[in-house]
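Chemist: Here you go, sequence then predicted model.
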Amino acid sequence: MNRVHVTKTILWMLTGLALAVALTRFAFGLGVTTNLTDTTPWGLWIGFDVMAGVALGAGGFVITAIFYILRQEKFHPLVRPAVLTALLGYIAVILSLLVDLGLPWNIWHMMIYWNPHSPLFEVGWCVMLYTTVLLLEFSPVPLAETSRWANIRRVLMKFRFPLVLLGIMLSTLHQSSLGSLFLITPFKSYPLWYTPLLPILFFISAIALGLMMVSFESLCTSWLYRRPAENNLVARLGSAARWVLGFYLLVRLLDLKISGNLALIFSGNWESWLFIAELLIMAIIPIILFSIPRVRHSATGQWIGSFLVVAGTILNRVNVGGLTMVGTTGEYYFPSWMEVSISAGIVAALALVFLFAIEKFQIWETRPREPESDPHVQPAFSRGGQTWLGSPSVAGRTRYSLAFIIAVAIGFALIPAHKIDSSGVVDIVAARALGGDTLFVDGNRDGFGVAFPHAAHIKAGKGKESCVGCHHMNLPLDRQSGCYSCHRGMYLTADAFGHDWHASAAGGNVACVDCHTRGEDRTAATARPCADCHKDLMPEGAAIKVNTYTVPSYADAMHDLCIPCHRQAAATNSDHPDLYRCPTCHNGKSPDWPTLAGRQPWKRRLNNHNILPVVSAGIEGPTP
Amino acid sequence: MSIAILTDVTKCIGCAECVVACKQVHGLDKDLPRVWQKNDGLSACSWTSVIQRPGNHYIRKQCRHCLEPACAASCPVGALHTTKSGAVIYDDQKCLGCRYCMTACPYGIPRYDWDRRVPYVRKCILCFERLERGLQPACTTACPTGATIFGERAELIAEGHRRIKAEPEKYLNRVWGEHEVGGTSVLYVSDIDLDFMAYKPGLDIALPTTTKKAMESVPPAFLGMGATMLGLNWIIKRRQKLQGQSEDKED
């Protein structure tokens, strides 16, 4: 396996992983697959994929401007790769938008419902148009491989200059409008990043990034395919980039000086350090590196310089896109692994397309040797599988397919079933109990219940009287009884029965026919009621419905018990027409809102209601 | 006519009848504690909530219905828009789910159906359909103590100031919503400071103006860039041509 094989295998695996995760995201929604919240509605997919993705595509318009507008013909070798990267970059942006949007099938709505005041509307339109332009700019390259569409190619070549011009004009707009997106959040963006000049700063940094992105990918592919890099051209790009970056730095610092926020840089909080780090990585260190001619012309210097600008600009976009808002929102969002894998997978998939294109079409001056097409290589032998993999191209396909399929399987295996099933409901906070006297309480009814140590609860609740504490027939303000205060999942109705436990030899050891009559359907509806066996446990009119085997939550139990009766009383008693309405009980005088109002008077009054059943906690065995 | 809601924090007893009424009128689901919720009680199925502050203060939280709403200005398809009466409402059919409105709201109000496969943005819509039928919003109808009332905006601002003037020792001298973010349709008078409701208190600019300026410079930037590029191209082309000619002569 050579470099290309290893790289492609890894890329295929990342793509497979992302495919599994993407299917999960569409099947179960954003809530359980991402860490996005109502406070942080935009995360990695916007901050990195869209914001940084568009910026990384800037190479396309910068290089076409240098070559076609400024007529610097020596840069010709870089034009095709730059346009291809831009095209793939924008497709990546669109793909990640499709994953991120809640209603991706409505993405075309921007074409018919217009809101020109929205920066996002402007960005959306420009991205749509510019992707089309890039496609038209690039398509003569694959079309050159065949003579069938020569006419189309000729037309496209004729319109090349206007297309390039349009592409530059569109890029100017949306590169800057991405900054305008955050003009509307002066209330939560940190002042070191928030400025009315955001659109201009975004545009200038996009130019610098475009220059460096082209350099970076020239260096990457030269490493990958062991082909000579365009070091001379990269040195020229680096020389240009230092001026652009210098101008960027000047504008940004001057703007901070004018707005009076310059002192914030040295305030010592984490935002100030982030700002210093960002400027160092994105501008200051690269400017210094590219100003030294020896470094500028060395491959290592170019590697470091271009990587720093790329990484620093990504950091800048992520910072503006939300990272620096966490100080205001107070919520520390960190992407879930599923978000990360989708981002990585989209990049990997398009990197594969890029590698495919440079092997198949005339992208670089010298087409890199495709390692799979060499006819003189012996068929590979796999030691692990003890098989011949066939000719290099077949062996390659076998490897990649296998990597992809295994990664999809790994992806599905890694999907956290419990998180998906919970549909975002806060987890039960309860320890898994062990012991013989247990009850299987499945609060979320998701198959992941907890063993409930009954005896321990009775003991902790000081004897028999404590039963009502769990069965929701208790007095208000009995703090122990709000299950959700320790068992958060008890907001839901819970399964109080535990069928399998009753049937098991270790549990109730009840035969089927003890509850289900012979010859009838064995369903909950036809089974004998609990009260037949548990004679003392289920009083008449209990909120626990014996044939559904569910326990209502505390709030539901109280409301179902009180409100119907109050409503009846209100209808017949003209003195208290509002008896059933909320403020009768929730009268705002209690520190324990929203539990209930008052203290002792309530207990007394409720005792007078005579609705509390007399309960004893004896559990008899099943009747013979 | 611009309508409004005035909530008097001193009168609220926290009974949450407004919340129940809202849920009934709009047929909203039961709330479950979800990992993505803020702890202010609002969610995709609770469009209003009552938050408690220390010392038995209850504040009803809901969409402020800004006079110049940032959410509507940011929505790329205009799914959020203001009705004639002043309610900021949401169109399910237009939305594409970008959640820019949630990012742009200075009060953090819009909520998302994170658990749904087909999710929508949810927030108070000021019962605009009831208003068209000549009714009040459900919440103000339900309030048993008159803590939250419905009326004409100018009248309610006057009413707020009247209450403050009548009992200056009871109220803080401010009607929240009169000037914030260019004015809102949901107003508060209170005996405690309500600045905690906003991300940044004292922000009196209408937020849409921030992006409007940038958006207005889009057409000139577009054409200006095109003209600059063409001009540069022409100059360089000409210079290269002259250079070529002089080289020819030298040859």
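Modeler: Perfect, thanks for sending it. Residues are numbered from 1 along each chain as shown, chains lettered A, B, ... in the order given.

Chemist: Measure how far the helix or strand harbouring residue A:513 is from the centre of its chain, please.
Modeler: Using DSSP states H and E, residue A:513 falls within helix A:512-515. Computed by Cα atoms, centre = their mean, to the nearest Å, the chain-centroid distance of helix A:512-515 equals 49 Å.

Chemist: Kindly export that helix (C-alpha atoms) in PDB.
Modeler: C-alpha atoms of helix A:512-515 as PDB (Å, rounded to 0.1, in the frame of the first residue of the first chain):
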ATOM      1  CA  CYS A 512     -49.400 -17.500  32.200                       C
ATOM      2  CA  VAL A 513     -52.900 -18.900  32.900                       C
ATOM      3  CA  ASP A 514     -52.900 -17.400  36.400                       C
ATOM      4  CA  CYS A 515     -53.500 -14.000  34.900                       C
END
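
Chemist: Now do the buried residues in that helix.
Modeler: A:514, A:515 (16 or more other Cβ atoms under 10 Å in any protein chain shown). (Each C-beta comes from the backbone N, C-alpha and C, glycine too.)

Chemist: mean confidence for it?
Modeler: For helix A:512-515, mean pLDDT is 81.

Chemist: which residues touch that helix?
Modeler: A:502, A:503, A:522, A:527, A:528, A:622 (Cβ atoms under 8 Å, 6 or more residues apart in numbering or on different chains).

Chemist: For those, pick the one with the most neighbours.
Modeler: residue A:527 (21 neighbours; other Cβ atoms under 10 Å in any protein chain shown).

Chemist: So that one versus chain B, what's the distance?
Modeler: 28 Å (Cβ to the nearest Cβ, to the nearest Å).

Chemist: Now do the same contact list for residue A:44.
Modeler: Going by Cβ under 8 Å, 6+ apart, residue A:44 touches A:335, A:339, A:340, A:343.

Chemist: Just put these in a markdown table and tack on pLDDT.
Modeler: Output for those, formatted as a markdown table (pLDDT from 0 to 100):
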| residue | pLDDT |
| --- | --- |
| A:335 | 94 |
| A:339 | 95 |
| A:340 | 96 |
| A:343 | 95 |
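
Chemist: Which positions in the stretch 51-200 of chain B make contact with chain A?
Modeler: Counting by Cβ under 8 Å from any Cβ of the partner chain, the stretch 51-200 of chain B comes close to chain A at B:52, B:56, B:58, B:70, B:73-79, B:94-100, B:102-104, B:106, B:108, B:110-120, B:144-145, B:198-200.

Chemist: 6 Å - rerun?
Modeler: B:52, B:70, B:73-78, B:94, B:96-100, B:102-104, B:106, B:111, B:114-117, B:119, B:144, B:199-200 (Cβ under 6 Å from any Cβ of the partner chain).

Chemist: And for the residue nearest to residue A:229 when sequence neighbours are not counted, the neighbour number?
Modeler: Of all residues beyond its chain neighbours, the one nearest residue A:229 is residue A:222 (3.6 Å), with distances taken as Cβ to Cβ, 6 or more residues apart in numbering or on different chains. By the criterion of other Cβ under 10 Å, residue A:222 has 18 neighbours.

Chemist: After the host helix or strand of residue A:222, which helix or strand is next?
Modeler: Using DSSP H and E, residue A:222 sits in helix A:198-224. Scanning forward in sequence from helix A:198-224 by DSSP H and E, the next helix or strand is helix A:231-259.

Chemist: Kindly report the residues of the stretch 1-150 of chain A close to chain B.
Modeler: A:29-31, A:37-39, A:41-42, A:69-71, A:101-103, A:106-107, A:109-110, A:113, A:115, A:117-121, A:124.

Chemist: Give me the buried entries from the residues you listed.
Modeler: A:29-31, A:37-39, A:41-42, A:69, A:101-103, A:106-107, A:109-110, A:113, A:115, A:117-121, A:124.

Chemist: what pLDDT does residue A:366 get?
Modeler: pLDDT, residue A:366: 74.

Chemist: Name the nearest residue to it, sequence neighbours excluded.
Modeler: Closest to residue A:366 by Cβ to Cβ, 6+ apart is residue A:227, at 6.5 Å.

Chemist: Could you tell me how many residues sit around residue A:516?
Modeler: 16.

Chemist: oh, I was asking about residue B:140
Modeler: Neighbour tally, residue B:140, other Cβ under 10 Å: 20.

Chemist: Could you tell me the phi and psi values at it?
Modeler: phi -70, psi -30 (degrees, to the nearest 10).
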